[in-house]
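K.L.:
no sequence on hand, only this structure:
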């Protein structure tokens, strides 16, 4: 099914759900200011459903918005791509949201386009897939109430760790220099944290100035403290949606660090993909007695 | 600080590393105590910080230590199966297997961060571990990475007179 | 007007760099920003850098004073301010206007911020007139003159003539800097300037502050505020956002008092000591940001605190668009 057909169906389903009273609001995407942008929209009236779009730039993960509606009793319908549905599962597993209050319309996703490159191109130009989408293994929603189209074939079967390995090949000093450069650019806007579906603490340590952990002093050291702490806090819960990198205004390769942790978790504690199901425990939330032993 | 610190500063071969030991209250701390009681000599470069369980040590404690100019960190707890709280050290193990690799990934020399299981009876092991780590870190020199420098030109001279 | 062949730009900048540090727009490790000039550097001459030049005058982190607390003794010493002059190159008119906005705040008749004022005093600003317009540019709607940079901040106006640059000193300070490289410049009268293109985004802003003064409780805020992430991208990239926080950096007895950027989009920003949060949610925060830019500041200084640079339009991860908001307000009947 092409994008336009999906879009038509999206609008139709949203209308039906709102009209029937099955849900009171629908979360989707609408056209953004420029052709390479789409932006989340919350629809309460059936006649607004025609604002919904499905195009190459519906990157935003809508699952995290459910946290804003934790304390309402309204039923929400939302559109989820493969990666978004893993985020949904993660939030469900953390008991942050309730399954009964949501209605998931899954969209098997062909991949989003590179929105940064698009800014220097014209509408209609050929664009490559966004970096994160090129290595997507789960384009089909893993949890849904209905699917809009038939499932698509995953672009990758195994995780591509070549970028992580490239860094691992470097000497310690080179690695340090690489990250130092990247983190010097960080402006500490916390967009990566705020967008991350794994970041759902009620109060983040970086929001507690009095705790002394964070300092608003923006320098390479504090930025690295932030980046490493953030990475380790979401280790085992990262669902590889790449939203952190997508929102970063400073173009920092945040996923590189996340992928490194995913790689090590796979090696140390067995293959694990967060958010595929709500069964089991995340790797850092439990242990095995025969875990690798390096510390004797 | 005490004369102890002075002694480190004035050691003859120049660089004396600062090493921070997060020691579990129920084992390593007792182990270090035993080392002292048994008159086992170990380098005065270590600062022991007592924690209720090795599992209390958050990875950000380690990063913060490096930020503030520590040259090496040791997290030490009970042997697997011996945790006072039954399972704490199993979580420690998973967490720091990962943290060690992350530190390595951002370019921190792997000699600078260690985790060891040291029981209350293992005074000699404590001595051995901190001696080895100190020697290794002495060899690779002071830590320059992750440091959050406090610009020294901004230091004010000490006021004379006695302080309260 | 003084003419410089574009091929000689590097020589020109090097010559100036002999006299004082020169700051230019360039790409540093994948983030475009203003950075110290080095020979053979690739300059960003198409469009404006992602990071605005406000950090030159209001750094993201800046030490205000240092102190030492020993027992009951407290020693305080001012920081040494940078004294040597510097030149800031190729600032677009919107960003020049942004600096004028900052001046209103930090160099007001009632109070002058010494550290800010010092940096303004030592910095000569070369403005660059735009020959094109990005799709996100709406500076003209926000009271920026596309023909002339605001002379309250700009010292030299630079025109891009294709193969040449034309320099026009707007004051003595500008002339002095230009004279440092006089041998590369040739005088020419009657320079034909390229036409200024229409900005791609045109907003009606007449009467906007008055109209906004009645919208505080209007439903318009609910419409698209739900999507805000609460990150600081918009405020940190904005050339006019100037909120700051005061922090300590302590090491034993020694300490630094720091001024750091802060963002009104952070939850912590209005959080009070007892835990009370007067600005409870995203809606309240966005409302404050937009109204500060378009109403409160205008009422006080008769100019918008938004200069239409378009950075927040393109960089907001969720595409919260202040220009759309303005259009919507102007379209609607005041409610």
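P.N.:
Here it is on my side, so go on. Computed from a predicted structure; not experimentally measured.
K.L.:
for the stretch 51-200 of chain A, what spans make up the strands?
P.N.:
Shown for the stretch 51-200 of chain A, the strands assigned by DSSP state E, counting those that start in this stretch span residues A:76-80, A:102-106, A:146-147.
K.L.:
which of these sits closest to chain C?
P.N.:
When these are compared for distance to chain C using Cβ to the nearest Cβ, the nearest one is strand A:76-80, at 11.6 Å. All C-beta atoms are positioned from the backbone trio N, CA, C, and that covers glycine.
K.L.:
which ones are touching the residue of chain A found nearest chain B?
P.N.:
Chain B sits closest to residue A:176 of chain A, with a gap of 2.7 Å, by Cβ to the nearest Cβ. Neighbour list for residue A:176: B:106-108, B:145 [criterion: Cβ atoms under 8 Å, 6 or more residues apart in numbering or on different chains].
K.L.:
try 6 Å
P.N.:
Residue A:176 is in contact with B:107, B:145, counting by Cβ atoms under 6 Å, 6 or more residues apart in numbering or on different chains.
K.L.:
kindly report the same for residue A:83.
P.N.:
Contacts here follow Cβ under 6 Å, 6+ apart; on that basis residue A:83 touches residue A:241.
K.L.:
let's see it at 8 Å
P.N.:
With Cβ under 8 Å, 6+ apart as the criterion, the residues that contact residue A:83 are A:61, A:109, A:132, A:136, A:138, A:239-242.
K.L.:
let me know the closest of these to chain C.
P.N.:
For chain C, the closest of the contacts of residue A:83 turns out to be residue A:61, at 10.6 Å, with distances computed as Cβ to the nearest Cβ.
K.L.:
from residue C:318, how far out is that closest one?
P.N.:
Note on residue A:61: its distance to residue C:318, by Cβ to Cβ, to the nearest Å, is 11 Å.
K.L.:
related to what we said a few turns ago, ranking the strands of the stretch 51-200 of chain A by burial, who's on top?
P.N.:
A comparison of those by mean neighbour count, using mean count of other Cβ atoms under 10 Å in any protein chain shown, puts strand A:76-80 on top with a mean of 23.
K.L.:
show me where chain C has its strands.
P.N.:
The residue ranges that make up the strands of chain C, judged by DSSP state E, are C:2-5, C:22-28, C:31-36, C:61-70, C:73-78, C:86-92, C:123-128, C:156-160, C:164-169, C:186-187, C:244-251, C:254-261.
K.L.:
format those as CSV; extra columns: mean neighbour count, mean pLDDT and distance to chain A.
P.N.:
Rendered in CSV, the data for the strands of chain C read as follows (neighbours: other Cβ atoms under 10 Å in any protein chain shown; pLDDT from 0 to 100; distance: least, Cβ to the nearest Cβ, whole Å):
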stretch, mean neighbour count, mean pLDDT, distance to chain A
strand C:2-5, 18, 94, 27
strand C:22-28, 21, 95, 7
strand C:31-36, 18, 95, 4
strand C:61-70, 18, 90, 5
strand C:73-78, 12, 88, 19
strand C:86-92, 24, 95, 17
strand C:123-128, 25, 96, 20
strand C:156-160, 20, 95, 19
strand C:164-169, 20, 95, 24
strand C:186-187, 10, 92, 35
strand C:244-251, 15, 90, 5
strand C:254-261, 20, 92, 4
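K.L.:
kindly state the beta-bridge partners for the spatially most central residue of chain B.
P.N.:
Ranked by distance to the mean C-alpha position of chain B (Cα atoms, centre = their mean), the top residue is residue B:20 at 2.0 Å. Beta-bridge pairing of residue B:20, defined through DSSP bridges, involves residue B:47, residue B:73.
K.L.:
how about the residues of the stretch 101-250 of chain A near chain B?
P.N.:
Within the stretch 101-250 of chain A, the positions near chain B by Cβ under 8 Å from any Cβ of the partner chain are A:167-168, A:172-180, A:205, A:213, A:217, A:219, A:221-222, A:224-225, A:228-229, A:231-232, A:235.
K.L.:
roughly how far does the nearest residue to residue C:287 once chain neighbours are set aside sit from chain A?
P.N.:
What sits nearest to residue C:287 in space, not counting adjacent residues and going by Cβ to Cβ, 6 or more residues apart in numbering or on different chains, is residue C:221, at 5.2 Å. Here the criterion is Cβ to the nearest Cβ, to the nearest Å. By it, residue C:221 lies 13 Å from chain A.
K.L.:
residues near residue C:221, how many?
P.N.:
When neighbours are counted by other Cβ atoms under 10 Å in any protein chain shown, residue C:221 registers 18.
K.L.:
show me what contacts it?
P.N.:
Contact analysis of residue C:221 by Cβ under 8 Å, 6+ apart lists C:215, C:283, C:286-287.
K.L.:
residue of the stretch 101-250 of chain C nearest chain B, please.
P.N.:
residue C:249 (6.9 Å).
K.L.:
and that residue, what are its bridge partners?
P.N.:
Residues in a beta bridge with residue C:249, per DSSP bridges, are residue C:256.
K.L.:
which ones are touching it?
P.N.:
Residues in contact with residue C:249 (Cβ under 8 Å, 6+ apart) are A:215, A:217, B:150, C:63, C:255-256, C:258.
K.L.:
now these as JSON lines including distance to residue C:275?
P.N.:
Putting the contacts of residue C:249 into JSON lines (distance: Cβ to Cβ, whole Å) gives the following:
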{"residue": "A:215", "distance to residue C:275": "21"}
{"residue": "A:217", "distance to residue C:275": "25"}
{"residue": "B:150", "distance to residue C:275": "31"}
{"residue": "C:63", "distance to residue C:275": "30"}
{"residue": "C:255", "distance to residue C:275": "27"}
{"residue": "C:256", "distance to residue C:275": "28"}
{"residue": "C:258", "distance to residue C:275": "24"}
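K.L.:
longest helix of the chain?
P.N.:
Here I'm looking at chain A. What stands out as the longest helix in chain A, according to DSSP state H, is helix A:3-20.
K.L.:
wait, chain C
P.N.:
Longest helix in chain C, counting by DSSP H: helix C:93-106.
K.L.:
returning to what we had before: per-residue pLDDT, the residue of chain A closest to chain B?
P.N.:
Looking at residue A:176, its pLDDT is 96.
K.L.:
and the contacts of residue C:221, which of them are buried?
P.N.:
Members of the contacts of residue C:221 that pass the buried threshold by neighbour count (16 or more other Cβ atoms under 10 Å in any protein chain shown) are listed as C:215, C:286-287.
K.L.:
where's the dip in pLDDT among the residues you listed?
P.N.:
Least confident entry in the buried ones among the contacts of residue C:221, by pLDDT: residue C:215, with 88.
K.L.:
for the closest residue to residue B:36 other than its chain neighbours, list the residues it contacts.
P.N.:
If you skip the residues right next to it in sequence, residue B:36 has residue B:123 as its closest partner in space, 8.0 Å away by Cβ to Cβ, 6+ apart. In this structure, residue B:123 makes contact with B:31-38, B:40, judged by Cβ under 8 Å, 6+ apart.
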